[in-house]
Every structure is written in structure tokens, then in C-alpha cells.
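In: could you work out the structure for the sequence below:
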Amino acid sequence: MTSQLETKYTLILEHERRLARAVAYAAIPPARLTVWDVMIPFVFITNHLKQKQRRQLFVRNFLFTKTLALDAARTIAHHNTPRNAALDQADTKTRDVLKQADQQIYSDTIRTKQMAEIKLLTDHYHGLLAAQGETYEALVVSAYPDKAAYLNFLKTLQTAETAVIQAAQQFLGHRSDTVMLQRIEHNSIRLRQRRVDRIFGDLKFEI
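Out: Predicted structure coming up:
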């Protein structure tokens with residue numbers, strides 16, 4: 001991999017990590033202190049660790065499709081691999097996860113929706129890797145002709161992510177945390193809008 005491509009890859013991945021952490025902190029708020037937290041420090045530490053673990057798990061899950069798509073885009077850019085071949089590699093990885101995962105929390109329907117998101121993100125990341133700039137914001141401005149075009153991508157991405165969430169809700173049924181999923185969706189939109197404002201200005205994005 002060329003140093004320039006590696007730098008862009010790192011910029012994009014770090015942007016997605018920051019977004020994932022920000023959504024995790026917004027969607028998983030601190031638990032209220034109880035009298036036991038005050039009286040018994042160990043209880044507070046245990047609760048804090050549980051909350052931290054939930055956030056870390058969310059970040060890993062949020063980045064699952066993003067990392068596979070970014071790796072596919074890098075493969076296309078660096079090795080001139082055909083798009084379908086690079087996506088086949090991502091498809092194989094998701095199938096491997098499906099085989100290893102608890103069949104009560106992951107299904108082929110969810111995986112199929114994730115692959116639709118990965119295909120969309122692969123094209124987006126490939127465009128960013130081909131763009132000019134030394135920051136993530138500069139790459140976006142270089143890759144997209146205007147703010148409207150970038151907002152259109154974000155709307156399409158939000159629709160793809162929502163499809164994954166809905167598939168998970170339908171599969172899990174009463175076991176799904178609907179309120180948490182709504183928080184995730186709401187804060188993803190809110191935090192992305194904040195980043196759009198920093199890059200382009202105050203044109204709103206709605207779905």
C-alpha cells in the first residue's frame with residue numbers, strides 16, 4: 001500500500017471510530033447513581049465497567065460493516081481488484097461470522113441487509129480514497145461536487161442502516177431493545193448532521 005493511500009485509509013477509519021464512540025456515548029447514557037454506588041465503591045466500579053463494555057460492544061458492531069467496506073475499497077484502489085471480487089471477500093467474511101455467531105442473535109436476513117450497506121459504503125470509501133486532501137473533511141469536499149450530493153449519500157446510508165436495524169428488530173422480536181435502537185438511529189443522524197455543518201455549512205439532512 002502506498003503511504004498516501006494508507007494515510008487516507010487511516011483518516012477515514014478514525015473518522016468512523018470517532019462517530020461510533022460519539023453515538024455510543026449518546027445512545028448509552030450513564031446509569032443513575034444509587035445509594036449502593038455511594039456506599040459500596042465496588043458496585044459503582046462494576047456498573048461503570050458494564051456500561052463501558054456495552055459501549056465498546058456497540059462500537060465494534062457499528063464498525064463491522066464500515067471496516068469490511070473500507071477494506072474492500074482499499075483492495076480495489078491498491079490492487080486494482082474488480083469491485084465484485086472485493087465485495088465477494090466481504091461477503092465471505094460475513095458468512096463466516098454467521099456460521100460462528102449465536103443463531104439467536106444473528107441471521108442471514110440481517111447479513112443480507114448488512115451487505116447492501118457494505119456495497120454502498122465501499123463505493124463511498126473508494127471515492128474518498130481517490131480524492132485529494134490531508135483531512136477527512138478535505139477528502140469529502142474533493143469527492144463530492146457539493147453539499148447536496150454528500151447529503152444524498154448520507155440519506156441513502158441512513159436508509160441502509162435503518163434496514164439493518166429493522167431486520168434485527170424483526171428477528172429478535174420482543175428481545176430487541178427498541179428504545180436503544182431508536183436512540184442509535186436518532187444520534188447517528190444528529191451527529192452526522194453536525195459533521196456536515198462543519199464541512200459545508202448549515203443545510204439540514206432529513207430522511
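In: show me how far stretch 68-76 is from its chain's centre.
Out: Centre-to-centre, stretch 68-76 and its host chain are 14 Å apart (CA atoms, centre = their mean, to the nearest Å).
In: what pLDDT, on average, does that stretch get?
Out: Stretch 68-76 carries an average pLDDT of 97.
In: same question, stretch 54-62
Out: Here the average pLDDT along stretch 54-62 is 86.
In: buried set for it?
Out: For stretch 54-62, burial by neighbour count (16 or more other CB atoms under 10 Å) applies to 55, 58-59, 62. (Each C-beta comes from the backbone N, C-alpha and C, glycine too.)
In: pull it out as CSV, backbone CA atoms only.
Out: The C-alpha trace of stretch 54-62 is given here as CSV (Å, rounded to 0.1, in the frame of the first residue of the first chain):
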residue,chain,number,x,y,z
ARG,A,54,-21.8,-2.1,26.3
ARG,A,55,-20.3,1.0,24.6
GLN,A,56,-17.3,-1.0,23.4
LEU,A,57,-19.6,-3.7,22.1
PHE,A,58,-21.7,-1.1,20.3
VAL,A,59,-18.6,0.5,18.7
ARG,A,60,-17.4,-2.9,17.4
ASN,A,61,-20.8,-3.7,16.0
PHE,A,62,-21.2,-0.2,14.4
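In: show me what contacts Lys52?
Out: Shown in contact with Lys52 (CB atoms under 8 Å, 6 or more residues apart in numbering): no residues.
In: secondary structure element for it?
Out: Element membership of Lys52 [criterion: DSSP states H and E] is helix 41-79.
In: quick one: the strands in this structure?
Out: Counting by DSSP state E, the chain has no strands at all.
In: residues of stretch 133-149 that come out buried?
Out: 136, 139-141, 143-144, 147.
In: got it, and stretch 190-199?
Out: Under the neighbour-count criterion of 16+ other CB under 10 Å, stretch 190-199 has 191-193, 195-196 buried.
In: tabulate the buried residues of stretch 54-62 (CSV), appending distance to Ile118.
Out: Output for the buried residues of stretch 54-62, formatted as CSV (distance: CB to CB, whole Å):
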residue, distance to Ile118
Arg55, 23
Phe58, 19
Val59, 18
Phe62, 13
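In: widest-spaced pair of these?
Out: By the measure CB to CB, Arg55 and Phe62 form the most distant pair in the buried residues of stretch 54-62, at 10.3 Å.
In: hey, what's in contact with both of those two?
Out: Ala24.
In: what comes up buried for the helix holding Lys52?
Out: 44, 47, 55, 58-59, 62-77.
In: stretch 13-24 too?
Out: 13, 15-16, 19-24.
In: save those residues as CSV, and put in distance to Ile165 and pLDDT too.
Out: Below are those laid out as CSV (distance: CB to CB, whole Å; pLDDT from 0 to 100):
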residue, distance to Ile165, pLDDT
Leu13, 23, 97
His15, 21, 97
Glu16, 17, 97
Leu19, 16, 96
Ala20, 15, 94
Arg21, 19, 94
Ala22, 18, 94
Val23, 13, 92
Ala24, 15, 89
